[in-house]
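> let's see this in three dimensions:
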Amino acid sequence: MDDATWDRADDITVGDALTVGHLLTVLLDRYAIGVVDVPLPEGDVRAGGRSGHLAAIGDAAWARADERREREGVQSMSVLCELLLRETVAGRVSAGLDAAPRVQQPTQPREEAAGAVTPSLLHSAA
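Numbers count the residues shown, from 1 in each chain. Sure thing, here's the model as predicted:
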């Protein structure tokens, strides 16, 4: 993942008390259902200034986006995530997040609203 893109996305999310993982989960979900598109790069998006970044991303959003990514020929999920973040930091895509309190019984275990989450290492895979 391009470090500058990651850092700019992190700056965007910090102001909203979110993480890049939250942002990517929403973006991947919207991509999977066709609400968000990414321009397919003409060449390899990998260049200098790259490293791996750990992000907790919803499993369901990841799996659905991965299916569309394969159909469209995007090189890898890491590349897709980078393309989505590039579009976001450039202001061409935004992820509106709404939050509202849920009534919860004290004896019930807390559930994650976005489903299961697995940390994913985003790097420049071949």
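> rest of the way, CA atoms for contacts and neighbours
Noted.
> check which helices and strands the helix or strand where Glu70 lies is in contact with.
In this structure, Glu70 is located in helix 59-72 according to DSSP states H and E. Counting contacts by 3 or more C-alpha pairs under 8 Å, 6 or more residues apart in numbering; DSSP states H and E, the secondary-structure elements packed against helix 59-72 are helix 20-32, helix 77-89.
> any weak-confidence spans in the protein?
Applying pLDDT under 70 to the chain flags the ranges 43-49, 96-126.
> using the three-state scheme, assign the spatially closest residue to Thr19 that is not a sequence neighbour.
Nearest-residue entry for Thr19: Thr13, 5.6 Å, with adjacent residues in sequence omitted and distances by C-alpha to C-alpha, 6 or more residues apart in numbering. Using DSSP: H, G, I helix; E, B strand; the rest coil as the criterion, the local structure at Thr13 reads helix.
> so the residue lying closest to Asp3 once chain neighbours are set aside versus Asp7, what's the distance?
In space, not counting the residues next to it along the chain, Asp3 is nearest to Arg50; the distance is 5.3 Å by C-alpha to C-alpha, 6+ apart. With the distance defined as C-alpha to C-alpha, to the nearest Å, Arg50 ends up 11 Å from Asp7.
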